[in-house]
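Asks: What follows is a predicted protein model with its sequence.
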Amino acid sequence: MLKGIDPVLGPDLLSVLRAMGHGDEIAIVDGNYPADAHASRLVRADGLDAVRIADAILSVMPLDDFVDHAAFRPGIRGAPDRREPIFDDFEAVVARREPGFGVEPLHGDAFYDRVRGAYAIVATTERRLYGNLILRKGVVRPDEAIR
């Protein structure tokens, strides 16, 4: 345990987050996602849901404010305007942790190709469908690094 660090951020996930650089992306995926097949680096978060992991990650990692969009969720195949409740949960976490950012939908292969290109994938046991989120790491400015 560490002071000020969410306990769901285990040593493997903290190591990945620390090693990531500006512009690297981390994908948080649900229990149905083929994480092992798509990951170049895989962190298991069994027993945890995707929203909880997203909240913990964004407690220590800034989103990239050098680009127009830094958080992405999948679109729904064949129904691009349909929304799932988990999308609202992802948006609430992003808005609370990183005000001013939204969560952009990526449809079809655009989302899955981006997950495959992520620096790492965090495999959760999220049970809700479409419970996947990609976060692009921003920079920690000199006045933010140490409290």
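Replies: That came through fine.
Asks: what about the strands in this structure?
Replies: In the chain, the segments counted as strands under DSSP state E are 25-29, 42-45, 71-74, 104-106, 120-124, 133-136.
Asks: Pro85: neighbouring residues, count only.
Replies: Burial measure for Pro85: 8 neighbouring residues, criterion other C-beta atoms under 10 Å. Just so you know, the C-beta spots here come from the backbone N, C-alpha and C atoms, and that holds for glycine as well.
Asks: Tell me which residues touch it, please.
Replies: Contact analysis of Pro85 by C-beta atoms under 8 Å, 6 or more residues apart in numbering lists Arg128.
Asks: Report the separation between it and Arg128.
Replies: Distance from Pro85 to Arg128, counting by C-beta to C-beta, to the nearest Å: 7 Å.
Asks: cool, Leu13 as well?
Replies: For Leu13, the distance to Arg128 - C-beta to C-beta - is 21 Å.
Asks: Repeat that for Ala50.
Replies: As judged by C-beta to C-beta, Ala50 and Arg128 stand 8 Å apart.
Asks: Ok, Ile134 next?
Replies: Using C-beta to C-beta, Ile134 is found at 17 Å from Arg128.
Asks: And the two? Which one has more around it.
Replies: Between Ile134 and Arg128, counting by other C-beta under 10 Å, Ile134 is the more crowded of the two (24 against 17).
Asks: What is the end-to-end distance of stretch 44-59?
Replies: End-to-end span of stretch 44-59 (C-alpha to C-alpha, to the nearest Å): 19 Å.
Asks: what mean pLDDT would you report for it?
Replies: Regarding stretch 44-59, the rounded mean pLDDT is 98.
Asks: buried set for it?
Replies: Along stretch 44-59, these residues count as buried under the neighbour rule (16 or more other C-beta atoms under 10 Å): 44-45, 48-58.
Asks: do stretch 108-124 as well
Replies: Buried residues in stretch 108-124, defined by neighbour count with 16+ other C-beta under 10 Å: 111-112, 114-115, 118-124.
Asks: just stretch 6-18 next, same as before
Replies: Under 16+ other C-beta under 10 Å, the buried positions of stretch 6-18 are 6, 8-9, 13-14, 16-17.
Asks: This completes my enquiry, with thanks.
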